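Enquirer: this one's structure only:
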């Protein structure tokens with residue numbers, strides 16, 4: 001069902017597998033699906049990370065990243081748009097076609113328990129790999145207000161949209177806290193979001209009702 005709607009944004013609360021077939025085809029798929037790396041269990045990769053891992057479990061609960069989307073689900077998402085940017089594409093290499101134009105987010109990492117960078121698979125034109133260096137995690141993070149455990153920085157998603165300048169409509173079937181929608185709204189574009197957890201739909205609505213953040 002439609003949970004929220006304004007001039008630019010339509011937010012659905014539900015399962016993308018049920019909602020996507022009822023929608024048309026969009027210009028751009030920009031999304032960050034669960035990677036299935038059990039991030040919900042914390043990143044206790046070093047001795048000092050135990051407290052952080054426990055905090056992740058308490059704040060966000062378990063199972064949100066326990067499994068990645070099934071292949072049919074991801075293909076359904078790809079079929080909903082003409083061009084695609086999928087963060088965590090390296091975790092779906094057995095499903096996604098071989099492409100040359102990847103996007104890289106260098107996190108300027110200050111937390112040893114996080115990866116130094118993340119990769120986005122794209123079906124965009126061209127072959128050049130592009131990188132954005134932007135502090136999005138840890139003590140030196142530029143954007144401090146996070147309501148979702150894998151929330152991407154707003155500037156990162158605006159940067160992504162900039163590679164699809166012809167795109168006027170955007171779809172994000174794994175919306176989380178709505179960063180894709182917030183970026184699209186700030187850029188004057190239309191975006192449809194789908195999120196199955198109502199608590200994140202609530203947070204998305206709050207972000208959509210803020211002043212434009214250009």
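Expert: Nice, thanks for sending it over. Just so we're clear, the structure is a prediction, and the values are computed from it rather than from any experiment.
Enquirer: Helix or strand with the lowest mean pLDDT in this structure?
Expert: In the chain, the helix or strand scored least confidently by mean pLDDT, DSSP states H and E is helix 50-60, which has a mean of 48.
Enquirer: how close does the residue nearest the centre of the chain sit to residue 127?
Expert: Per Cα atoms, centre = their mean, the C-alpha nearest to the average position across the chain is that of residue 32, at 3.0 Å. Separation of residue 32 from residue 127 (Cβ to Cβ, to the nearest Å) stands at 23 Å. Quick note: C-beta positions are derived from backbone N, CA and C, even for glycine.
Enquirer: The nearest residue to residue 90 once chain neighbours are set aside: which element?
Expert: Leaving out its chain neighbours, the residue that sits closest to residue 90 by Cβ to Cβ, 6 or more residues apart in numbering is residue 119, at 4.8 Å. Assessed by DSSP states H and E, residue 119 sits inside strand 117-122.
Enquirer: what's in contact with the following helix or strand past that strand?
Expert: Remark: after strand 117-122, the chain's next helix or strand is strand 130-133, criterion DSSP H and E. In this structure, residues lying in contact with strand 130-133 by Cβ atoms under 8 Å, 6 or more residues apart in numbering are 101-106, 108, 155-156, 159, 163.
Enquirer: rewinding a little: so for the strand holding residue 119, what gets flagged as buried?
Expert: 118-122 (16 or more other Cβ atoms under 10 Å).
Enquirer: Could you list the domains of this protein?
Expert: 2-33+68-208, 37-67 (automatic domain parsing).
Enquirer: any idea which of those domains is most buried?
Expert: domain 2-33+68-208 (a mean of 18; mean count of other Cβ atoms under 10 Å).
Enquirer: May I have the distance across it, first residue to last?
Expert: Terminal residues of domain 2-33+68-208 lie 14 Å apart, using Cα to Cα, to the nearest Å.
Enquirer: Now do stretch 178-191, average pLDDT.
Expert: Confidence for stretch 178-191, expressed as mean pLDDT, is 97.
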